[in-house]
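**Q** Sequence first, predicted coordinates after that:
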Amino acid sequence: MSETQSDTYDFQKARLGIVGGSGLYRIDNLENIVEVSLDTPYGKPSNKLLIGNLFGLEVVFLARHGENHTLNPSEIPYKANIWALRSLNVRWLISASAVGSLKENIKPCDIVIPDQFIDRTQQRPLTFFTNGVVAHISMANPFCEILSHILSEETEKLLNKEKKLHIGGTYLAMEGPAFSTKAESNLYRNWGCSIIGMTNHTEARLAKEAEIAYTSLSMVTDYDCWNKNCESVSVEMVINNLQENANFAKSIISAAAKRISSSRPYSPFHDSLKDALVTPKEHVIDKTRNQIHLFTKKYWN
């Protein structure tokens, strides 16, 4: 680790963030919980943030769709969510999400830890760096390999005969909230995509700009609508499989938290803005500088 990294990254104070998707609105074993309501430069987050202790590690939990699932994927305040998590010193972020399978061997109730994205969304915020400031982060590797490796190893330890872990694969991010047409589903299969979801790509881009190590715990609920041998995806199908996946996901997250608590790993994501900022700070208007100060202060102070 370089001197700059050690000066700006406090391993002992950093927190693990958990973003819970459909069906995952709480984390078991979280102790000494404090609810925090935040205002951010980008509005209010999806819900109150829960801060608690999980196996010696401070954890911040956020229900991305709101506690009562009132926000559809396009309505989620992604910028506010990521800004709020970073303001609470979250430096590792696990996203738990429901996804559809685009491959025969990836079955409902399996777990996927993807390593790539294709973005098909149209109405999402793509960057914090706008309104007079430009930054170009690398998205060649959109998931933190270190965090994904920890999640993979801890998941493998908990697997049973009914579930399989798939390491790697491309997550197709669609706009939603409607599910795919059959033509779309088959198109994405032809592109080589493994799974399909509606939220993770937007989170991953913004998390990397916020210098948060990000990975996805993708829980398969269905075969989308391409599989002629299976019923097309429905809300009822998704909910039923979500309930089966939820407790398993909580066990994985708890195991990963225990591992992160002991190792507190440094990730290259923690310095992802180092060579990305293009606009000289003196040319950035005050309002914009104040909004992104949380991310840029170690470079622009």
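**A** Here it is on my side, so go on.
**Q** Identify the single longest strand in the protein, thanks.
**A** Identified as the longest strand of the chain according to DSSP state E is strand 90-101.
**Q** helices and strands around that one, which ones?
**A** Here strand 90-101 touches strand 15-20, helix 145-158, strand 195-197, helix 200-209, strand 213-222, helix 235-263, going by 3 or more CB pairs under 8 Å, 6 or more residues apart in numbering; DSSP states H and E. (C-beta placed from N, C-alpha, C; glycine too.)
**Q** Only alpha carbons, please: show that strand as CSV.
**A** Output of strand 90-101 as CSV, limited to C-alpha atoms (Å, rounded to 0.1, in the frame of the first residue of the first chain):
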residue,chain,number,x,y,z
VAL,A,90,-19.0,2.6,4.0
ARG,A,91,-16.0,1.4,2.0
TRP,A,92,-17.2,-2.1,1.1
LEU,A,93,-20.7,-2.7,-0.3
ILE,A,94,-22.6,-5.9,-0.9
SER,A,95,-25.6,-5.6,-3.1
ALA,A,96,-28.2,-8.4,-2.6
SER,A,97,-30.5,-8.6,-5.6
ALA,A,98,-33.1,-10.8,-7.2
VAL,A,99,-32.3,-11.7,-10.8
GLY,A,100,-33.6,-13.8,-13.7
SER,A,101,-31.5,-16.5,-15.3
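**Q** Show me which residues of that strand are buried.
**A** Within strand 90-101, the residues scored as buried using 16 or more other CB atoms under 10 Å are 90-101.
**Q** can you check stretch 112-129 too?
**A** Buried, per 16+ other CB under 10 Å, within stretch 112-129: 112-117, 119-121, 124-125, 128-129.
**Q** How far does stretch 28-35 sit from its chain's centre?
**A** 20 Å (CA atoms, centre = their mean, to the nearest Å).
**Q** What mean pLDDT does that stretch get?
**A** Averaged over stretch 28-35, pLDDT sits at 86.
**Q** Mean neighbour count and distance to residue 39 for the helices and strands packed on strand 90-101 - can I get that in a markdown table?
**A** As requested, the helices and strands packed on strand 90-101 are exported to a markdown table (neighbours: other CB atoms under 10 Å; distance: least, CB to CB, whole Å):
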| stretch | mean neighbour count | distance to residue 39 |
| --- | --- | --- |
| strand 15-20 | 25 | 18 |
| helix 145-158 | 18 | 28 |
| strand 195-197 | 28 | 29 |
| helix 200-209 | 25 | 18 |
| strand 213-222 | 28 | 24 |
| helix 235-263 | 18 | 27 |
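**Q** Out of those, which gets nearest to residue 284?
**A** When these are compared by CB to CB, helix 200-209 sits nearest residue 284, at 15.0 Å.
**Q** what residues does that closest one touch?
**A** Outside helix 200-209, the residues that touch it by CB atoms under 8 Å, 6 or more residues apart in numbering are 19, 64, 76, 78-79, 81-82, 93, 95, 97, 114, 117, 119, 121, 124-129, 135, 137, 139, 142-143, 171, 173, 213-214, 216, 218, 269, 272-273, 276, 295.
**Q** Helices - which of these land there?
**A** 78-79, 81-82, 295 (DSSP state H).
**Q** Out of these, who's the most crowded?
**A** Highest neighbour count within these, by other CB atoms under 10 Å: residue 82, with 32 neighbours.
**Q** that older thread, closest to residue 247 among the buried residues of strand 90-101?
**A** residue 96 (11.9 Å).
**Q** Let me know the pLDDT of the closest one.
**A** Looking at residue 96, the pLDDT reads 92.
**Q** ok, now which ones touch it?
**A** Residues in contact with residue 96 (CB under 8 Å, 6+ apart) are 18-21, 24, 217, 219, 249, 253.
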